[in-house]
Each structure stands twice: as C-alpha cells, then as structure tokens.
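Participant: Return a 3D structure for these sequence lines:
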Amino acid sequence: MDPVLGLKIDVDTYQGMKKGVPRLLGILKDFGLKGTFFLSIGPDASGRAILQLLKNRRFLKKMLRTNAPGLYGFRTALYGTLLPSPMIALSFPGLVRRILDEGHEVQFHAWDHRRWQDDLAERPREWIEDWFEKGTEGFRSLTGRRPTAFGAPSWRVDDRVLEILGRYRFEYLSCTRAAEPFVYDTLGIPEIPSDLPCFEEAGIEGATETVLRTLRGGGRHVLPVHAEAEGGIWDRPFMALLERVRSAGCRVATLGEMKEEMDTATLPRRNPRLELLPGRAFPCAV
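Facilitator: Okay, the predicted model is just below:
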C-alpha cells in the first residue's frame, strides 16, 4: 500500500504547550497537514528530573546529547521543586480550542507526565486510578467530551495500567514502540504504535533518513513528535522533513484516521513488554 504517515504530537510540559503548540500549528497549517495532539492536562513537575540525573546515567547522557536547556528552558527545570507546578493544558483552554478548530485530533496523554515517567513502577494501583480520573476529567472540562484514545507518557505501561485502561471506552491506544499495529490480547483494543524514531533518539540526520527509508517501503507508520522539540529548537529540521515527506508523495494523517482505515479483525493479538531502546533513558513498552 502507498505510505501513510501519522503524526503523533506529544505535549509534555507547560512551555511545550505555551510556545511549542502554536509553532507546530503554524507549521502544519503552512503544509496543509493534520496531526494528533496528545495533551498533558495537569501539573508540570519537570524539575523533579534532577532526581533522575543523579540516579540514571542514561538520562544524564540523553539530557546532554539533546541540549535539554535549549529544549525545555530554565524555568521548566525548576517546576515542581523551587517553583510551583503550573498546569499544562488546563492553563490554555483557548489554545486547546484552537487545536480543535483547526481540524486536528486531540487525545489524552497525561495528568502528571513526570511522575508517571519516573515513578510508575513504584506507585500503587490507587495512584494510577486517581491519575486517570483527574486526567480524563480535566480533558473533558477542556473539550466537552471524554478522550477516545490514550498515549502513555514515555511509552510506559504495565499490567495494572492495562487492567485500568479496560474501564475506559478508548477506541484505540498509542502506548508502545512496535513495528506494526496490533490488538491488545487482554483488552481487545487496537494499538497504533510509534514505529519511527524521534529526533532526540537518533539525531536529526539519522531520524530523517530512517523515516524516509521506511516510508519508501509503503505501509502505515507513526512519527512521534514533541511540542518542546519540533515546536522549539528543532522546528526547521522538522519542516525540512515534512517537505521531503511531501515530495515523496506520502499521505499524512491523524491517528484517528489511521484507525478508521484499519481492519482490526486482521491485526495480530499481542501484549507488550518493557525493553530499553536505543536513544531512550527508560524502558519502553514494545
């Protein structure tokens, strides 16, 4: 089949919402493209990442390699520690409305992204349940509806998360790094995974070449985009990639559109496991 590229745009921080999202909206408008914005709804506790710098050498190397101060800004490094945690999407209801008004898909990414990324394995089930209730209710207050899809922060899920997800009527999930879509064996819900690398994982040149090489083989693919990166210091490389994608004749779609085009009855049934991928600081669901 002709190549289809899904744009999965994660918004992880207050600055990503405030500055990165408007920049990405402008870029997508210029290219005439639509994407799926997965929004972090609640507090930005990014300053707690300092704990990971001390505990996780891979995380330290990633922060140095990706120019974290340029990506996230100085104030972001203090949120949740020396500075109060500002709400992310909840601080910008007008911007959420703009995303929708411009024809993009909006779905649920997180309540507290940082604590999920760092502490999920140590948190009790009750914390996860409360996290989902706060996040989905905040999403409803912003959009007037419950989310129909969920994309886990940093692609981290476990068996408890999958059990809780079964209580929500999600039409699809995007929580893993996998080569092709599948249906969760325990949930019966389709997964549209991110199969292409981020700029921050493979570098700009490496990621660009991998994306273009993969698209030449046809099929459905998902590019993970981050408001803080492609909507920030890497906006020009992102525009250059989109120009090459367009020149290659690839169709760009939302993940919701991709889901509607799939015959989910023919997809393999699988459950994820955690694995440390190249360029990542934490294990991802694969």
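
Participant: Is Leu28 part of a helix or strand, or is it coil?
Facilitator: Classification of Leu28 using DSSP: H, G, I helix; E, B strand; the rest coil returns helix.

Participant: Isn't it up against His104?
Facilitator: Yes. Applying C-beta atoms under 8 Å, one finds Leu28 in contact with His104, separated by 7.3 Å. Every C-beta, even on glycine, is put in place using the N, C-alpha and C of the backbone.

Participant: and for these two, which residues touch both?
Facilitator: Overlap of the contact sets of Leu28 and His104 (by C-beta atoms under 8 Å, 6 or more residues apart in numbering) consists of Lys34, Gly35.

Participant: Surely Ser154 is in a helix?
Facilitator: Yes. Ser154: assigned to a helix according to three-state DSSP.

Participant: Which residue comes closest to it once chain neighbours are left out?
Facilitator: Distances taken as C-beta to C-beta, 6 or more residues apart in numbering place Gln117 nearest to Ser154, at 4.4 Å, with adjacent residues excluded.

Participant: what does Pro283 give?
Facilitator: Residue nearest to Pro283 in three dimensions, not counting chain neighbours: Leu274, with 4.0 Å by C-beta to C-beta, 6+ apart.

Participant: Now the phi/psi pair for that neighbour, please.
Facilitator: When read as degrees, to the nearest 10, the backbone of Leu274 gives phi -90, psi 140.

Participant: List the residues that contact it.
Facilitator: Arg156, Asp158, Pro283, Cys284, Ala285, Val286.

Participant: Also Ala149?
Facilitator: Residues in contact with Ala149, defined by C-beta under 8 Å, 6+ apart, are Thr36, Phe38, Gln107, Phe108, Phe170, Glu171, Tyr172, Leu173, Ser174, Leu255, Gly256, Lys259.

Participant: mind running it again at 10 Å?
Facilitator: Counting by C-beta atoms under 10 Å, 6 or more residues apart in numbering, Ala149 touches 36, 38, 105-109, 168, 170-175, 189-190, 192, 255-256, 259.

Participant: of those, buried ones?
Facilitator: The neighbour-count test (16 or more other C-beta atoms under 10 Å) marks 36, 38, 105-109, 168, 170, 172-175, 189-190, 192, 255-256, 259 as buried among those.

Participant: Could you list the low-confidence segments of the stretch 51-200 of the chain?
Facilitator: 51-74, 76-78, 80-82 (pLDDT under 70).

Participant: Tell me where it has strands.
Facilitator: 105-110, 149-150, 172-173, 182-184, 190-191 (DSSP state E, counting those that start in this stretch).

Participant: re earlier: how many neighbours does the residue nearest to Ser154 have?
Facilitator: 22 (other C-beta atoms under 10 Å).

Participant: between the strands of the stretch 51-200 of the chain, which gets nearest to Arg269?
Facilitator: strand 182-184 (5.0 Å; C-beta to C-beta).

Participant: what does the closest one contact?
Facilitator: By C-beta under 10 Å, 6+ apart, the residues outside strand 182-184 that reach it are 157, 162, 165-166, 172-173, 175-176, 189-193, 262, 264-272.

Participant: tell me what the longest helix along the chain is packed against?
Facilitator: Longest helix of the chain, by residue count under DSSP state H: helix 125-143. Under the contact criterion of 3 or more C-beta pairs under 10 Å, 6 or more residues apart in numbering; DSSP states H and E, helix 125-143 touches strand 36-40, helix 93-101, strand 105-110, helix 113-119, strand 149-150, helix 159-165.

Participant: Pull the contacting residues for the residue nearest to Leu187 when sequence neighbours are not counted.
Facilitator: Distance criterion C-beta to C-beta, 6+ apart; nearest residue to Leu187, sequence neighbours excluded, is Gly166 at 5.3 Å. Taking C-beta under 10 Å, 6+ apart as the criterion, Gly166 is in contact with Tyr184, Thr186, Leu187, Gly188, Ile189.

Participant: now the residues you listed: which count as buried?
Facilitator: Buried members of the contacts of Gly166, counted by 16+ other C-beta under 10 Å: Tyr184, Leu187, Ile189.

Participant: Was I right to think Ala207 contacts Pro278?
Facilitator: No. Between Ala207 and Pro278 there is no contact under C-beta atoms under 10 Å: 11.5 Å.

Participant: shared neighbours, those two?
Facilitator: Counting by C-beta under 10 Å, 6+ apart, the common neighbours of Ala207 and Pro278 are Pro197, Glu201.
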